[in-house]
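Colleague: here is a sequence with its predicted model. Questions after.
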Amino acid sequence: MKNVTISMDDDLLVQTRVEAARAGKSVSRYLADAAREKVENDRAAAAQAERNRQLEALERIFSGPKWSVMENGRMPTADERNARR
């Protein structure tokens, strides 16, 4: 485990110490847990954004122009569909 030195203003330090004490953690552990949670949330958000991008692409494809297979108001028979033209 590596040590990291950070700087913060006095008011933030006091608030951080209070919140860490409420959580029953040291300031170091409290900040490390907060950083881990932030990283995990960012990764999950990035993965969700990628899934959304892919879904939007599929929706654009599926909502594109339709191919009409109707002939004279009816669906073609298997023989008609497979006939060599």
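Modeller: Now that the structure is in, tell me what you want to look at.
Colleague: what stretches of the chain score poorly on pLDDT?
Modeller: The model of the chain has pLDDT under 70 over residues 85.
Colleague: give me phi/psi at the residue nearest to the spatial centre of the chain?
Modeller: Centroid-nearest residue in the chain: Gln48, 1.3 Å away (criterion: Cα atoms, centre = their mean). Main-chain torsions, Gln48, degrees, to the nearest 10: phi -60, psi -40.
Colleague: how close does it sit to Ala32?
Modeller: Counting by Cβ to Cβ, to the nearest Å, the separation of Gln48 from Ala32 is 25 Å. Backbone N, C-alpha and C define where each C-beta goes, glycine included.
Colleague: again with Arg22
Modeller: 16 Å.
Colleague: between those two, who's got more neighbours?
Modeller: Using other Cβ atoms under 10 Å, the more surrounded residue of Arg22 and Ala32 is Ala32, with 14 against 9.
Colleague: now stretch 32-47, how far from the centre of its chain.
Modeller: A distance of 12 Å separates the centroid of the chain from that of stretch 32-47, by Cα atoms, centre = their mean, to the nearest Å.
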